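1. coords please:
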Amino acid sequence: MTASDKAFTGSIPQLYDQLLVPIIFTPYARDLAQRIKSRRPGDLLETAAGTGAVTRILAAELPVETRITATDLSEPMLMQAKTHLGGETRIRWQQADALALPFADASFDTVVCQFGVMFFPDRVKGYAEARRVLRPGGRFIFDVWDRIEVNEFTHVVHQALQQVFPADPPQFMTRTPHGYYDAARIRADLTEAGFADISIETVTGRSHAASAQDPAMAFCQGTPMRGEIEARGAPGLDAATRAAADALASRFGNGPIEGRIQALVISAA
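-> A predicted model of the protein is given here:
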């Protein structure tokens, strides 16, 4: 992972929220919320909350007495999340590094992280922090994207950009979002951090978009890959986005499109 992989700045939070969240994040946000709802936590911590895809559903699904603390390393992402839930008094928003959480030991019943651990520069340290703030019997529940080849929209965009920039193609998607999917490695990292009773489940779903343009815009301009594209100069960001949209339309057709998405959902005590 490079420093630019965590650069959720400029217009990225808004595009991420408007386009990428409904296309790929919402189905798994619902899945995580249902797993957490059955535990009826009193105090819940969300790390790498992003623009609040999971937070919104948890706020709607969990009992009103549940206290939710939503954190992210990126203040701009949290500011975007607050546009949806700013009036929710039981949600505490806090900028925080998941590798150095500003909370006392044994503060939470549940820690949740949606598609965030891939961005941790030291995953064992991040897992150990989640374990530290959990109460005895608490659960750490999170998910990671499976390999890029089984996530169709992402894979098509990635391949299109390899053609646009053949000499030096952007590798953000394979390097970070889809770079940590080996179940044995995840289990070993969690065990090293002190977790036990680890379950890892493959969850497959369908991704929907109103047109090929939406996921092209979402991935090329609503993620840190935007910085990689812009750094390469000609033919430029707009041309790269058009090439991604053309590739998606060629694969999935014009009008509304859908494709496969796949992730690993992990629970550890």
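2. what's the first-to-last distance across stretch 41-61?
-> In terms of Cα to Cα, to the nearest Å, the two terminal residues of stretch 41-61 are separated by 12 Å.
3. distance between it and the chain's centre?
-> 13 Å (Cα atoms, centre = their mean, to the nearest Å).
4. mean confidence for it?
-> The pLDDT scores in stretch 41-61 average 95.
5. List the buried residues of that stretch.
-> Buried positions in stretch 41-61, judged by neighbour count with 16 or more other Cβ atoms under 10 Å: 41, 43-59. For glycine as for every other residue, the C-beta is placed from the backbone atoms N, C-alpha and C.
6. any idea which helix is longest in this structure?
-> helix 237-252 (DSSP state H).
7. so how far is the helix or strand that it is followed by off the chain centroid?
-> Remark: after helix 237-252, the chain's next helix or strand is strand 257-268, criterion DSSP states H and E. Distance, stretch centre to chain centre, for strand 257-268: 11 Å (Cα atoms, centre = their mean).
8. Could you do stretch 225-237 as well?
-> Centre to centre, stretch against its chain (Cα atoms, centre = their mean), the figure for stretch 225-237 is 22 Å.
9. just stretch 24-37 next, same as before
-> 12 Å.
10. How about stretch 127-144?
-> The answer for stretch 127-144 is 17 Å, by Cα atoms, centre = their mean.
11. so of the buried residues of stretch 41-61, which ones are in strands?
-> Secondary structure from DSSP state E places 43, 44, 45, 46 of the buried residues of stretch 41-61 in strands.
12. For those, please prepare TSV with the additional fields distance to residue 156.
-> Listed next are those as TSV, based on distance: Cβ to Cβ, whole Å:
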residue	distance to residue 156
43	41
44	36
45	35
46	30
